[in-house]
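Participant: when you get a sec, could you give me coordinates for this:
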Amino acid sequence: MRENFVNGKIYHLYNRGVDKRPIVRDDHDHFRFIHSLFEFNNENQSVPHLHRQLSEVGPRTIGRNREPRKLLVDLIAFCLMDNHYHLMVRQRVDGGISKFVQKFGTGYTMYFNEKHERSGVLFQGKFKSVLVSDDSQFNFLPFYIHANPLDKKFKEWRSKEMKNPKQAIEFLKEYRWSSLPDYVGVKNFPSVTQRELLLEYFEGEKGMEKALIQWLKNMNEDWSERKHITFE
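Facilitator: Residues are numbered from 1 along each chain as shown. Down below sits the predicted model:
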């Protein structure tokens, strides 16, 4: 049954590689995935046409587009890990979320299969989605998404413990493949996301960083009511 996404509502979208396999293998794959998030968030962009254009993608090409985009969604936050991704989006037009995920998923899979000489599906079935329906979810989700890279160095966060929040946030600010740097004043991929909503809510970049540090300090908080928006 096809989910009926509602315009103006916020959703947590996520998926992983088939059999938990990597969906990125090198920096170029990371850049291509993030560039796909930018380019395919556009009602006017077709997958085959853009796939032919994107033979070379690097840090200087992400966000460059000849014509103004007609956005399908507001991409509020993202994090790309080795074998999965998380997105926080708000639908702008009817069918926007489904079109966006289908387009960037198909386009990136075409690239990945061609580059790495493989065939078949890359992602594990249909993407998962959760409606953000209350304030507690809205407060929790951007921090949860941006905290995922802690798996690489501060794995205790999964047990809701954080011994050194300041070290952890410095690590997160240096992790390139998420929207967090752009939220805390480190220019990274500023054209990919629409950050006005969260920056207004947290009162700017300094407020966002302060709120994240506070969230990390309170890792012993009970997550039982929020398990449905996490992805282990």
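
Participant: every contact and neighbour count from this point should use C-alpha atoms.
Facilitator: Fine.

Participant: least trustworthy helix or strand in this structure by mean pLDDT?
Facilitator: Lowest on mean pLDDT, DSSP states H and E among the helices and strands of the chain sits helix 47-53, with a mean of 57.

Participant: and after that helix, which helix or strand comes next?
Facilitator: Counting by DSSP states H and E, the next helix or strand C-terminal to helix 47-53 is strand 73-80.

Participant: what lies in contact with the next helix or strand after that following strand?
Facilitator: Next helix or strand after strand 73-80 toward the C-terminus (DSSP H and E): strand 84-91. Contacting residues not belonging to strand 84-91 are listed as 5-17, 20, 22-23, 72-80, 97, 141-142, 145 [Cα atoms under 8 Å, 6 or more residues apart in numbering].

Participant: in its sheet, what does strand 84-91 sit against?
Facilitator: Strand pairing for strand 84-91, determined by DSSP bridges: strand 10-16 (antiparallel), strand 73-80 (antiparallel).

Participant: tell me where the model's unsure across this structure.
Facilitator: 1-2, 48-66, 220-232 (pLDDT under 70).

Participant: check contacts around the residue sitting nearest the centre point of it.
Facilitator: Nearest to the geometric centre of the chain sits residue 78, at 1.9 Å (Cα atoms, centre = their mean). Residue 78 makes contacts with 85, 86, 87, 88, 145, 146, 178, 179, as judged by Cα under 8 Å, 6+ apart.

Participant: TSV for these, including distance to residue 199?
Facilitator: TSV is the format used below for the contacts of residue 78 (distance: Cα to Cα, whole Å):
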residue	distance to residue 199
85	22
86	19
87	17
88	14
145	16
146	15
178	16
179	12
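
Participant: which of those has the most neighbours?
Facilitator: Within the contacts of residue 78, neighbour counts (other Cα atoms under 10 Å) peak at residue 179, which reaches 29 neighbours.
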